[in-house]
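Enquirer: Below are the sequence and a predicted model for it; my questions follow.
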Amino acid sequence: MLVLQPGGSVPGATLRKSPAFGFTACSLKAIFFCSSGLLALLVAAVMPANAQIPRHPLDGLTAPEYWTTYETLRASGKVDAKTRYALIQLNERPKEEVLAWKPGQPMRRESRVVVKQGPQTFEAVVDLGAKKLSSWNEVKGVQPNSPFEEEIETGVDEAVKENADWQAAMRRRGYTDYGTIRCGGYGTGYFATPEEQGRRLLRLECTDSRGVWEGWGRPIEGLVIMWDANERKVLRVIDSGVVPVPQAPANFDLASVGPLREIPTPITVQQPLGPSFRLDGQTVSWQKWNFHFRIDRRVGLVVTNVGYQDGGKLRSILYEGSLSEMFVPYMDPSEGWYAKSFFDAGEFADGFSSPLEPGADCPENAVYFEQVHANFKGIPQLRPRAACLFEQSAGDIAWRHEGNVVESRKARDLVLRTIGTFGNYDYAFDWVFRQDGTICVRVAATGLDEVKGVKSRTADDDHDGKPDMYGRLIAENTVGVNHDHYFSFRLDFDVDGTANSFVRDRLSVQRLPASSPRKSLWVAEPETAKTEQQAKLHVSMEQPEIWRVVNPNVKSPLGYPVGYELMPGEGAMSLLVPEDYPQKRAGFIDYQLWVTPYRENERYAAGDYPMQSKGGDGLPAWTKANRGIENTDIVLWYTMGFHHVPHSEDWPVMPAMWREFELRPYNFFARNPALDLPK
């Protein structure tokens, strides 16, 4: 059901049927000039991304299905009131079953549940149609993800403030009133210490929010509390010395920023006939594209069944694409920082999706989708505006040439967006569908740098080089610590079917004979990877390659196997040494590209349980078998990343830094698929 949510009183607004979309859209009477002179649309369309009745096997779980999961587990006798549910997700049906399904046919629906029973971890599968528990297995030697709710429920903040050692450390810092202090934590990672063994361990730190909206810019440096989350107790307090709490202005709300620049003249986004895409449940059709999507609590947008209409036939390109894991290691060896190496998706699994702000996070013509997920107690929750879908025309040229006449076409894109918030960072994720058959995947990092309090007020006060050895001063007494960002994407290609191969075209220098006026050139030398080891690759400027997925069984009109190219964007290689524990645990960053045969239970690049993992899980473990990947169902795992040395422009909130990669047709079409764009 579509809900039109008024953003204010709109006199004379009328609703009418949109011929292109199939539901009501506001007429131009709902658009007016506000007092500032900006053209504003004060209604936002919201679609429930999880309707009450699923219409596709890959639809996200509905609220009734979450309740069925909850009630079925309670009826099984295996859980009780103290049981906690670290994660409840759709348990995808086997791929061949989904591909064979047709609309209107019955479909099997299951939920996968990560259950925490005291110190024990279980995996359960619930048959939602039969309302029965299909499987229940203990998973030993792992720690499930730690959602923020767990920290609140276990009473971390209150327990720390009651600890005598912590109180003594705070008195050394001049604190006797803890009303503005908040203490919270994160997983310790793994460093093979006796303290870690058999414990669900968190490192806790505290901030002072006195005078600011958020405490991120007010760290109480040099104070770390080791916390046993299962026993719910402080193990020890580590005080490495008193450091002044930074006092630099840290607010960035309208009232705190200062004078704002003059509002520029309006750029309007109007679609008086409604958007030109069509929605059928969670399936989208637009400009020859057809795809399905859902919003997952752990990895955000999951785009599935992606196809393109070509000559009256819907040709498959991608069975499923999504984020797989994020890794953010910090580069400071001090007691309070060395363990900060976050797997933001897998360790927390609760960051997606942040409610989107109409007109800011998404443009005025966007349609929004709700998200349903389960909380730590298994109870369904509703997140408003968890994703948005919109068309954009950014002035890009689709194609152009001047001959006897000038022929030029303007490009239009379809953007599917969500935003996840993981502590101090916000990440925007876009799946951009272009009219020429290209898919662009974009990630923006914004939010707040994680900062460290130091004694030096400015760089001029730094006489020994220690304060900014592992970062840079970004505000007075405030260092932004150096760190990396890595994003691993799982791309299950089905290029004109499931039997695909991976080809790397090496661009090799060819020296020419002395008789040639030219002395050198390069040639593309294709090589089909037969095994997983042959497809573990780095991006290299010195030895460039073209990476593509082909279907060797389907030929283009010119006789080439049809295919799609993975065109990397700007990337980063890990600078950590192999024996470093964060590097071991994030083995997927060893290479920018991995290729594996499709396995339905291989979904996360760092493994299912990165919380306190010891290393070697996920891609490094799977590819040890060196399985065959030629002319079979394959999955590409692409990791893009960047090194971040903070600077003053990051304060108090970072400008968005965008990174992207593309999936481009490569002999997939007989000619330019955007040739038929209207003038």
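Expert: Good, I have the coordinates. Numbers count the residues shown, from 1 in each chain.
Enquirer: Going by C-alpha atoms from here, please, whenever you check contacts or count neighbours.
Expert: Fine.
Enquirer: mean confidence score for the helix or strand containing Arg171?
Expert: Counting by DSSP states H and E, the element that carries Arg171 is helix 164-172. Mean pLDDT, helix 164-172: 98.
Enquirer: packing partners for it?
Expert: strand 233-239 (3 or more Cα pairs under 8 Å, 6 or more residues apart in numbering; DSSP states H and E).
Enquirer: Now the strand it packs on - C-alpha only, CSV.
Expert: Below are the C-alpha coordinates for strand 233-239, written out as CSV (Å, rounded to 0.1, in the frame of the first residue of the first chain):
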residue,chain,number,x,y,z
LYS,A,233,30.9,-7.4,34.9
VAL,A,234,34.0,-5.2,34.7
LEU,A,235,37.2,-7.3,34.5
ARG,A,236,39.7,-4.5,34.9
VAL,A,237,40.2,-0.8,34.4
ILE,A,238,43.2,0.4,32.4
ASP,A,239,44.4,4.0,33.1
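Enquirer: Centre of the chain to that strand, how far?
Expert: 33 Å (Cα atoms, centre = their mean, to the nearest Å).
Enquirer: contacting residues around that strand?
Expert: 159-160, 163, 165-166, 169, 222-228 (Cα atoms under 8 Å, 6 or more residues apart in numbering).
Enquirer: List only buried entries from those.
Expert: Neighbour counting over the contacts of strand 233-239 (16 or more other Cα atoms under 10 Å) leaves 160, 165-166, 169, 222-228 as the buried ones.
Enquirer: Is it possible to get TSV of these that adds secondary structure and distance to Asn305?
Expert: Output for these, formatted as TSV (DSSP: H, G, I helix; E, B strand; the rest coil; distance: Cα to Cα, whole Å):
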residue	secondary structure	distance to Asn305
Val160	helix	49
Asp165	helix	56
Trp166	helix	54
Ala169	helix	56
Gly222	coil	50
Leu223	strand	50
Val224	strand	47
Ile225	strand	47
Met226	strand	46
Trp227	strand	44
Asp228	strand	43
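Enquirer: so where's the stretch 251-400 of the chain uncertain?
Expert: 394 (pLDDT under 70).
Enquirer: Repeat the analysis, applying 90 as the threshold.
Expert: 251, 254-255, 266-272, 393-396 (pLDDT under 90).
Enquirer: those strands in it, which residues are they?
Expert: 278-280, 283-286, 289-296, 300-310, 313-329, 341-342, 367-374, 380-392, 397-402 (DSSP state E, counting those that start in this stretch).
Enquirer: Show the pLDDT at Ala535.
Expert: Confidence score, pLDDT, at Ala535: 98.
Enquirer: Of the contacts of strand 233-239, which is the nearest to Pro246?
Expert: Of all the contacts of strand 233-239, Gly222 has the smallest distance to Pro246: 12.9 Å, by Cα to Cα.
Enquirer: list the contacts for the closest one?
Expert: Counted by Cα under 8 Å, 6+ apart, Gly222 has contacts 238-243, 335-336.
Enquirer: quick one: it from Ala169, how far?
Expert: Going from Gly222 to Ala169 by Cα to Cα, to the nearest Å gives 10 Å.
Enquirer: now do Glu630
Expert: 61 Å.
Enquirer: How about Gly60?
Expert: 47 Å.
Enquirer: on that earlier part again, for Tyr604, which of the strands of the stretch 251-400 of the chain is the nearest?
Expert: Nearest to Tyr604, of those and by Cα to Cα, is strand 313-329 at 5.0 Å.
Enquirer: tell me which residues in the closest one are buried?
Expert: 315-329.
Enquirer: Okay, now the sheet partners of it, with direction.
Expert: Applying DSSP bridges to the sheet, strand 313-329 is found paired with strand 300-310 (antiparallel), strand 341-342 (antiparallel), strand 483-493 (antiparallel).
Enquirer: Let's have those in a markdown table, adding distance to Ser648 and mean neighbour count.
Expert: Formatted as a markdown table, the strands paired with strand 313-329 follow (distance: least, Cα to Cα, whole Å; neighbours: other Cα atoms under 10 Å):
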| stretch | distance to Ser648 | mean neighbour count |
| --- | --- | --- |
| strand 300-310 | 31 | 21 |
| strand 341-342 | 23 | 24 |
| strand 483-493 | 15 | 23 |
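Enquirer: can you put these in a markdown table and add distance to Pro54?
Expert: Compiled in a markdown table, the strands paired with strand 313-329 are given as follows (distance: least, Cα to Cα, whole Å):
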| stretch | distance to Pro54 |
| --- | --- |
| strand 300-310 | 15 |
| strand 341-342 | 34 |
| strand 483-493 | 23 |
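Enquirer: Need the contact partners of the lengthiest helix in the chain.
Expert: The single longest helix within the chain, with elements called by DSSP state H, is helix 63-76. The list of residues contacting helix 63-76 from outside it, by Cα under 8 Å, 6+ apart, reads 50, 52, 79-80, 111, 126, 128, 131-133, 372-374, 378-381.
Enquirer: ok and it relative to strand 380-392, angle-wise?
Expert: With axes from the mean of the first three to the mean of the last three Cα atoms, to 10 degrees applied, the angle from helix 63-76 to strand 380-392 works out at 150 degrees.
Enquirer: Could you name the helices and strands sitting against the next helix-or-strand element following helix 63-76?
Expert: Counting by DSSP H and E, the next helix or strand C-terminal to helix 63-76 is strand 84-90. Here strand 84-90 touches strand 110-117, strand 367-374, going by 3+ Cα pairs under 8 Å, 6+ apart.
Enquirer: same thing but at 7 Å, please
Expert: Helices and strands touching strand 84-90, as assessed by 3 or more Cα pairs under 7 Å, 6 or more residues apart in numbering; DSSP states H and E, comprise strand 110-117.
Enquirer: any idea of the mean pLDDT for the strand it packs on?
Expert: 98.
Enquirer: Show me what it is packed against.
Expert: The contact analysis (3+ Cα pairs under 7 Å, 6+ apart) places strand 110-117 against strand 84-90, strand 120-127.
Enquirer: Please enumerate residues in contact with the last one?
Expert: Contacts of strand 120-127 with the rest of the structure, by Cα atoms under 7 Å, 6 or more residues apart in numbering, involve 69, 109-116, 132-140, 144.
Enquirer: just the first one next, same as before
Expert: Residues outside strand 84-90 that contact it (Cα under 7 Å, 6+ apart): 60-61, 110-117, 144-147, 374, 376-378.
Enquirer: Next, the angle from the longest helix of the chain to strand 367-374.
Expert: Computed by the same axes, to 10 degrees, the angle between helix 63-76 and strand 367-374 is 0 degrees.
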